[in-house]
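>>> model this:
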Amino acid sequence: MKREVFLYGFLQVFVTGTIFTLLGIWLFGLESRVAIVLGYALALSSTAIVLKILNENAQIHSGYGRVTLGILLFQDLAVIPILLMISIFTSETTSVTRLLLVTLMDAAIVFLILFVVGKMFIERFFDWITSANSEEIFLIAVLFIVVAAAFVAHEFGFTFSLGAFLAGMTIAETKYKYRIESDLVPFRDILLGVFFVTIGMQIDLETIVSRWYIILGLMVAIMLLKALIQFAVLSPFLQHRTNFKSALALFQIGEFALAVFALAFQNNLLDARTNQILIVTVVLSMIITPFVLKNIAAIADRFFKEPELELVMESSGFKNHIIIIGYGPIGQKVARKLREYGICYIVIEHEMDLVREGEANGEKIFLANAMQRQTLEALGAKESQCIIVALENATKIRQVCEAITSIDPDINTIVKVRNESHAKIIEEFGINHIINASEEIADIITKEALTCEIKHT
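Numbers count the residues shown, from 1 in each chain. This next block holds a predicted model:
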């Protein structure tokens, strides 16, 4: 992924941002610092929308999915210097050299505190928190880290967003990544909804009605220009069909641009009318995106009908693998047998002690909640050979089966249940690989009994 992230991503952000900056200065007469902020903000795309749809369409591992993912990752990294630019441009310090030095020094300190130090201690902190064996305490600890990081960044003159972003980068490096990601999904959806509600409350309907032609024209121009720039810049490196689909997937303006515009408006880099027009333009481009991505293959066929081989992304073993849920006695025995046969598998476990035991045994084990659909999707449930549910608790077994079937009812699922009553709990999900432990043991005992001969003395 290094090529996709650092080459394709850099070219897309730098070239697109620079062209938009120059157009802002030459065509619209914007001040250079305003044009730079707007230009690079418009170069960003919507990570939340694009990745969600790519995952839903099982296109994340396709050729264009790999390119799109790499560019989005670089765009997420590019957010940091964009936020720093706003801090620099809105500072009251008159000396540019002094301003840059102070900003870079503060940025280095924030990075050192939040990323380097955080990386050293955050995993130990979570180890300590999980010893309480409380979901509520764990979730509070996660939110505490994010809020604390946001305030640390703010104390050094940066935005809350930058601190939260760095906290997310730090958490992503820990073994708790998948558990935290699945735990925060409800908050993500709620907060994203709140975010758009606040954006909607800022919109002046009179501005939309009186300048609708400007908004529509600007939206079409930005989306077409973004797609054309990316297609032109990456043409020497990619197949035309792959490049076209990736450019089309990233033609919208991202949600982070809204945060950038809000900061720019608060710091008097944007006037109210321009801010209104830009907000509506961004929202409309995001609304259109799902409809385009759902039909991206048909659109690409109109321009590039010739068949082209699209490379498939290597997914770090999360394809055609077996997922074992639960690392108790049964899960451990299954893992050992699969390892003996040389079969690729991963383990999902929710108990920290069992995760440590699995790590000590050299297992590829993830601390996560398999009862949440997002966890299973992140670990390739749909692309797996099968899922083995090796849990003891009947309620948890049912919740896991419900999560699996909500992704795809046709996923091969093998469930071990204790008895017939446990089997009835999951019969509504149509799982045809149910191992009833009591029946299997009864069969074995019966077979053994039939082999016994009466010994006469």
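
>>> What number of neighbouring residues does His350 come out with?
Using other CB atoms under 10 Å, His350 has 22 neighbouring residues. Where you see a C-beta, it was placed from the backbone N, CA and C, and this is true even at glycine.

>>> actually Gln385, not the one I wrote
With other CB under 10 Å as criterion, Gln385 counts 14.

>>> got a list of what it touches?
By CB atoms under 8 Å, 6 or more residues apart in numbering, the contact list for Gln385 reads Asn320, His321, Ile322, Asn412.

>>> Kindly report the same for Leu77.
If you count contacts by CB under 8 Å, 6+ apart, then Leu77 has Gly9 around it.

>>> and Leu367, what are its phi and psi?
Backbone geometry at Leu367, expressed as degrees, to the nearest 10, gives phi -80, psi 100.

>>> Pretty sure it sits against Lys175.
Yes. Counting by CB atoms under 8 Å, Leu367 touches Lys175, with 5.6 Å between them.

>>> So which of those two has more stuff around it?
Taking other CB under 10 Å, Leu367 and Lys175 do not tie; Leu367 has more neighbours (23 against 17).

>>> Just give the closest residue to the more buried one, not the sequence neighbours.
Spatial nearest neighbour of Leu367, excluding adjacent residues (CB to CB, 6 or more residues apart in numbering): Val355 at 4.7 Å.

>>> The one you found - how many residues pack around it?
Summarising burial for Val355: neighbours were counted as other CB under 10 Å, giving 23.

>>> re the thing from before, between the contacts of Gln385, which sits nearest Thr405?
Distance to Thr405 across the contacts of Gln385 (CB to CB) is lowest for Asn412, with 11.8 Å.

>>> give me every residue that touches Gly118.
Ile145, Ala149, Leu166, Ala167, Thr170 are the contacts of Gly118 under CB under 8 Å, 6+ apart.

>>> Looking at the second one now. What's its pLDDT?
I take that to be Ala149. Looking at Ala149, its pLDDT is 85.

>>> pretty sure it contacts Ala167?
Yes. The pair Ala149 / Ala167 is scored as a contact, 3.6 Å apart, by CB under 8 Å.

>>> With neighbour numbers in mind, choose between the two.
Ala149 (26 against 23).

>>> Can you name the helix or strand that the more buried one falls in?
Per DSSP states H and E: Ala149 is located in helix 135-155.

>>> neighbouring contacts of the helix or strand following that helix?
Once the chain leaves helix 135-155, the next helix or strand it forms, by DSSP H and E, is helix 160-172. Residues from elsewhere that reach helix 160-172 (CB under 8 Å, 6+ apart): 76, 79-80, 83-84, 110-111, 114-115, 118-119, 122, 142, 145-146, 148-154, 177, 180, 259.

>>> are any of the residues you listed buried, and which?
When those are checked for burial by 16 or more other CB atoms under 10 Å, the buried set is 76, 79-80, 83-84, 110-111, 114-115, 118, 122, 142, 145-146, 149-150, 152-153, 177, 180, 259.
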